[in-house]
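Participant: what would the 3D arrangement of this be:
(2 chains)
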Amino acid sequence: MTSPLGKDLLALEPLTPEQIGLILDTAEPFKEISERAIKKVPTLRGSTIVNLFFEPSTRTRVSFEFAEKRLSADTVNVAASGSSVSKGETLVDTARNLEAMRIDMVVMRHGASGAAQFLAQRIESNVINAGDGTHEHPTQGLLDLLTLRDHFGDLRGLRVCIVGDVLHSRVARSNIWGLQKMGADVAVCGPRSLLPNAIAEFGITVFDRVEAAMEWAQALNVLRLQLERMTAGYIPSLREYNRVFGVTRERLERADHDILILHPGPMNRGVEIDSDVADGPHSVILNQVTNGVAIRMAVLYLLAGGRPELAETAKSTPGGER
Amino acid sequence: MPSASQPSTTTLLDTRAMDRTLRRMADEIVELHDGTEDLVLVGIQRRGVQLASRIARLIAEREGEAPRLGALDITLYRDDLQTIGPRPVVGPTDIPGDIDGARVVIVDDVLYTGRTVRAALDELADFGRPARIGLAVLIDRGGRELPIHADVVGKRVELRRDQRVDVLVAELDGADSVVVVPKTAPPSDAGRAAGGGRSKKSPARRSAAGEASA
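Facilitator: All right, here's what the predicted structure looks like:
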């Protein structure tokens, strides 16, 4: 393996704490690039990256695209609708055709859990999982970790509660893996119908009441409640959900300490989170978005290139002397 | 790569010689620029950064006015990123304010092929258009692969390809010195072994559980 992360970034579950720490550390200098007047470095010049999105996404796709462009890569966006995918082409055929045009990386969002791994095993290009079904969304987990580390300085011993639809959430899964690996204490809170059955067996505290979660937690990661969960019968109504589990200003003020508020977006204001909270002083929701670009730049940088057979000359050039 | 391992370490500069050399470099930089007006020293990560701040302090002692200080990590501008194996760790870049019209002096520890300086020039151009860019290096060891020369040189020495210069600075390595070692020798300090460009500045960065490359 030439890259310290291996060929692909598919999930946080298989990564070591050292690898996650390396990605977070690498993201730090990339933050500064987005603050420059010329927001571009030549690092990935000549690399071609395909953003293959089988599910609609604005934030994640735009974030990846900015990260790619700020590293000078050439990018192509392929959406499922209006492409050959809608004509019945299989995932592997689509990817192999793209690969025949000599691409270097694929960033993929797909509705099926495991789709990214399935693809990664079948093509030579690096694959970055931008969300697969209810499995994982690793770059979202990483940007949440970075945002928490920015604020608290250290993730070890940090008490973080994930609130909402944990059962269907790839964001929750990546957060749980990432937080636990970095030594944080993780809890979940939500209706029992939206929590995985045996979740407590993984060393995760379960809160039935959001007030209790707030007493405990230093940070809440509030998940988006997918509106179709109501029609599917997981919750009685959105209003009821808001009344019992909504993160409101009244509830935040009743807690005896400050609580940092994260949300992966897009928000349903007035359902899982109130506007007062989303726009309030404890919210780092927009910091998450800013950090997302830096994290994705770091992942692209760490995965890209690296042809070791040509490395002899470079390897013989140590730190001080170039 | 075969190593005709002579474990010979030659000292080029000891602590006192390095101090004298830096003082002379500081004087030459001021002389070359007729003072400190619009002067910006930009150190290249890593040891160029410490040398630049050392020189800035010496200039301030003599002139009563310190030049602006910046730091540049050129990793993302390297021309060999497509070929090197493990990704080098990227350190922070910090260019203070506007450098349009400024007189910038790039400071690095060792000048060898000139490729680092080429990358630094490219990166500086993305921050603005200085009136002049100069180059000051503690050691010029010859062996250039690009048409680049230094304006201010601490010590010139011709070395063979199988030799390497290690510059040690008190801030990172405990003591100042410059040594010549065989190219295949282990790094003269522990920190150099791992990432190269790793910085330990903010507490946030240290907090990640476990060093990636300790």
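
Participant: distance from the chain centre to the helix or strand A:Leu22 falls within, please.
Facilitator: Taking DSSP states H and E as the definition, A:Leu22 sits inside helix A:17-33. In terms of Cα atoms, centre = their mean, to the nearest Å, the centre of helix A:17-33 is set 14 Å apart from its chain centre.

Participant: report the buried residues of it.
Facilitator: A:17-31, A:33 (16 or more other Cβ atoms under 10 Å in any protein chain shown). For the C-beta atoms, the positions are set from N, CA and C on the backbone; glycine is no exception.

Participant: then stretch A:164-175?
Facilitator: Applying a neighbour-count criterion of 16+ other Cβ under 10 Å, one finds A:Gly164, A:Asp165, A:Val166, A:Leu167, A:His168, A:Ser169, A:Arg170, A:Val171, A:Ala172, A:Arg173, A:Ser174, A:Asn175 buried in stretch A:164-175.

Participant: so for stretch B:25-37, mean pLDDT?
Facilitator: Stretch B:25-37 shows a mean pLDDT of 96.

Participant: for chain A, what spans make up the strands?
Facilitator: For chain A, the strands defined by DSSP state E occupy A:48-53, A:74-79, A:105-110, A:126-132, A:159-163, A:185-189, A:205-207, A:219-222, A:260-262.

Participant: ugh, wrong one, chain B
Facilitator: Secondary structure of chain B (DSSP E): strands at B:10-13, B:39-44, B:68-72, B:103-111, B:132-140, B:152-156, B:163-168, B:177-182.

Participant: what about A:Ala100, how many neighbours?
Facilitator: 8 (other Cβ atoms under 10 Å in any protein chain shown).

Participant: and for A:Leu286?
Facilitator: By other Cβ under 10 Å, 12 other residues sit near A:Leu286.

Participant: now, the buried residues of stretch A:164-175 that are in helices?
Facilitator: Assigned to helices by DSSP state H, the following of the buried residues of stretch A:164-175 qualify: A:Arg170, A:Val171, A:Ala172, A:Arg173, A:Ser174, A:Asn175.

Participant: okay, A:Thr231: pLDDT?
Facilitator: Listed pLDDT for A:Thr231 reads 79.

Participant: residue boundaries of the helices in the chain?
Facilitator: No chain specified, so I'll use chain A. Using DSSP H, helices in chain A cover A:17-33, A:59-70, A:91-100, A:115-120, A:138-152, A:170-181, A:210-216, A:228-231, A:238-245, A:249-254, A:275-278, A:285-303, A:312-315.

Participant: ah, no, chain B please
Facilitator: Secondary structure of chain B, counting by DSSP H: helices at B:15-32, B:47-63, B:115-125, B:170-173, B:190-193, B:203-206.

Participant: how about those helices, which one is nearest A:Asn126?
Facilitator: The closest of the helices of chain B to A:Asn126 is helix B:115-125. By Cβ to Cβ, the value is 24.3 Å.

Participant: is chain A contacted by that closest one?
Facilitator: Yes - counting by Cβ under 8 Å from any Cβ of the partner chain, chain A is contacted by helix B:115-125 at B:Arg115, B:Thr116, B:Asp122, B:Glu123.

Participant: now do stretch B:168-182
Facilitator: No - residues of stretch B:168-182 contacting chain A under Cβ under 8 Å from any Cβ: none, with a closest distance of 9.0 Å.

Participant: if we can go back for a sec, now the helices of chain A as CSV including distance to chain B?
Facilitator: Putting those into CSV (distance: least, Cβ to the nearest Cβ, whole Å) gives the following:
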stretch, distance to chain B
helix A:17-33, 3
helix A:59-70, 10
helix A:91-100, 18
helix A:115-120, 19
helix A:138-152, 6
helix A:170-181, 8
helix A:210-216, 21
helix A:228-231, 35
helix A:238-245, 31
helix A:249-254, 25
helix A:275-278, 25
helix A:285-303, 5
helix A:312-315, 4
